[in-house]
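*Asks:* Sequence plus the predicted model coming up.
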Amino acid sequence: MGAEDMNFTDFHVKAGQADGGPYAVSIDPERAGWGYSSLHVLELPAGGHHSFATGDSEWIVLPLSGGCTVVTDGGETFELAGRESVFRGVTDFAYVPRDAHVQIASGAGGRFALTGARCERRLPARYGPASSVPVELRGRGNCSRQVNNFGAADAFECDKLIAVEVLTPGGNWSSYPPHKHDECRPGEESELEEIYYFEIEPAHGTDGVGYQRVSPSGHGRGTDVLAEVRSGDAVLIPDGWHGPSIAAPGHTMYYLNVMAGPGDERQWLICDHPDHAWIRGTWPDQPVDPRLPLYQAPTAPSGDAR
């Protein structure tokens, strides 16, 4: 699907609409009508396995639930312990380069995100331990959220790919104030396509919902989205002011951000919406939500050299 074929309804990809073969979610540059960012969510049964070619993109294999073994055709093998769910802990992960063949296998089964970006450099395959993931508390008051910076620009080396996890306690607003990164302004703003992939924590027998807003910024396609999101949904953000991401009371919201763009330097520089940037000035007088952090990264075991 090219950019000329898309309209605002296409930016909200609901769970089950992937049409991605083995993937529960399948978003690549061709589907999105853009140049760089990709996301696949792979669901494996117990004893299941899946092979794929990385092509012209670099990838991070990130367990969402369960663990797996990642094997490359270069002879590297990475055992990922994974986690029970995105709401229960930081996970380890594996980076695999472009121009490779990869197999993922899981003895107990699970769900695994493949976050990708078209790139130029072929970096070495690597293991990312959970203990090395920086856990950041961002915002204050009812704008408090937790960010697991496993693939942030300053936390893990990639060529183009930037990826982080955000957890927002029920009732809070995340991705706020609304911000954008859809034009290149050196030192001020970087041009990045972005994917939001959501999971909502069930509570009291209900699955829960969240809400995502994207409004036009005057650049790109004029992206305009107001979506009720559920577990397994994704929202594509080629441009525009994005935020808030709203977690319904009683339900923690998780989203996985995947970003990449054309800039020579891999960096996340944002511009706040001028009508809402003032909210940052109120934060020093408010505490961080006491429910945070939901969890911390585990302590590295003695002698762990991976």
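*Replies:* Looks like it arrived, so ask away. In this text the structure is predicted, and so the values were computed from the model without any measurement. Numbering: from 1, shown residues only.

*Asks:* Going by C-alpha atoms from here, please, whenever you check contacts or count neighbours.
*Replies:* Fine.

*Asks:* So which bits of stretch 250-266 are buried?
*Replies:* 251-262, 266 (16 or more other CA atoms under 10 Å).

*Asks:* from those, which single one is nearest residue 188?
*Replies:* Of all the buried residues of stretch 250-266, residue 188 sits closest to residue 266, with 13.3 Å by CA to CA.

*Asks:* What pLDDT does the model give that closest one?
*Replies:* pLDDT recorded at residue 266 is 97.

*Asks:* count of residues packed around the nearest residue to it once chain neighbours are set aside?
*Replies:* Nearest residue to residue 266, sequence neighbours excluded (CA to CA, 6 or more residues apart in numbering): residue 160, at 5.9 Å. Look at residue 160: counted by other CA atoms under 10 Å, it has 26 neighbours.

*Asks:* which stretches of the chain have low pLDDT?
*Replies:* Scanning the chain for pLDDT under 70 picks out 1-9, 17-20, 301-306.

*Asks:* what about the helices in it?
*Replies:* Secondary structure of the chain by DSSP state H: the helices cover 29-32.

*Asks:* residues near residue 203, how many?
*Replies:* 12.

*Asks:* quick one on the thing from earlier: list the contacts of the residue nearest to residue 266.
*Replies:* Taking CA atoms under 8 Å, 6 or more residues apart in numbering, we find residue 160 in contact with 117-119, 260-261, 266.

*Asks:* if you set the cut-off to 7 Å instead, what comes out?
*Replies:* 117, 119, 260-261, 266 (CA atoms under 7 Å, 6 or more residues apart in numbering).

*Asks:* ok, now residue 122?
*Replies:* 97-98.

*Asks:* can you tell me how far it sits from residue 264?
*Replies:* Between residue 122 and residue 264 the distance is 15 Å, computed by CA to CA, to the nearest Å.

*Asks:* can you check residue 167 too?
*Replies:* 30 Å.

*Asks:* Same check on residue 276?
*Replies:* From residue 276 to residue 264 the distance is 30 Å (CA to CA).

*Asks:* longest strand anywhere in the protein?
*Replies:* strand 57-72 (DSSP state E).

*Asks:* Please name every helix or strand in contact with that one.
*Replies:* Counting contacts by 3 or more CA pairs under 7 Å, 6 or more residues apart in numbering; DSSP states H and E, strand 57-72 packs against strand 77-83, strand 93-96, strand 101-106, strand 110-118.

*Asks:* quick one, phi psi at the residue nearest to residue 266?
*Replies:* phi -120, psi -30 (degrees, to the nearest 10).

*Asks:* how near is it to residue 172?
*Replies:* 31 Å.

*Asks:* show me what contacts residue 137?
*Replies:* Counting by CA under 7 Å, 6+ apart, residue 137 touches 145-147.

*Asks:* could you redo these as TSV and give each row neighbour count?
*Replies:* As requested, the contacts of residue 137 are exported to TSV (neighbours: other CA atoms under 10 Å):
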residue	neighbour count
145	28
146	23
147	21
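
*Asks:* And those residues, which is closest to residue 285?
*Replies:* Of all the contacts of residue 137, residue 145 has the smallest distance to residue 285: 16.6 Å, by CA to CA.
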